[in-house]
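Chemist: sequence and predicted model, in that order:
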Amino acid sequence: MEPLRTYFGCALNDPPIDFIERFSRFKDKFRELSWIKVLDFCAPLPGEQCSRLSNVAIYKNDIIDGVSTAHALVFDVSHPTSGGGFELGFGAKGLNVPTYMGCIKDAKPSSLLLGAAEYEKHIFIEYYEEDINELFEKIREWLSTVHTAQQFVDALDS
């Protein structure tokens, strides 16, 4: 049984450091599940950009090896991100990858993201009070459903 390749994304440039740390802990919980393969975006060290890698290396990691190969996308859209928006558009609409977006209750995500969640049947948004870790169980259950569907598709293809 192939693990569910799941790409996780969030804003990196402007959110508070504790946001990135919480998101990292959130991803780590999914790493503990044997049936999920976490696909990592190019993450800077706290306080720096991804300048240690070339633009092409970042693109290849995030899009070619990440979003393009993912069975599911999980994003925190509480903070604006042009790279994350590109990843979401490419994966969620361009490749029809099932997508779950978490957002802190007081944030104002882009109307484009909200419209996608209303219009597309495979794109969802859920709000949380203070920390995306509040959504862990709901997202784990959703990913389990996506994994079951992916196994069925894989069986049909073989």
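Modeler: Thanks, I have it. Numbering: from 1, shown residues only.
Chemist: can you give me the pLDDT of the residue located most distally from the centre of the chain?
Modeler: Taking Cα atoms, centre = their mean as the measure, the residue most remote from the mean C-alpha position of the chain is Ser158, 27.8 Å away. If you check Ser158, the pLDDT there is 77.
Chemist: hmm, who's touching stretch 116-136?
Modeler: 22-23, 25-26, 29, 76-78, 88, 92-93, 96-105, 109, 113-114, 138-139, 142 (Cβ atoms under 8 Å, 6 or more residues apart in numbering). Every C-beta, even on glycine, is put in place using the N, C-alpha and C of the backbone.
Chemist: can you give me how far it is from the chain middle?
Modeler: 11 Å (Cα atoms, centre = their mean, to the nearest Å).
Chemist: distance between the ends of it?
Modeler: Counting by Cα to Cα, to the nearest Å, you get 22 Å between the two ends of stretch 116-136.
Chemist: got the buried residues for that stretch?
Modeler: Using 16 or more other Cβ atoms under 10 Å as the test for burial, stretch 116-136 gives 116-117, 122-125, 128, 131-132, 135-136.
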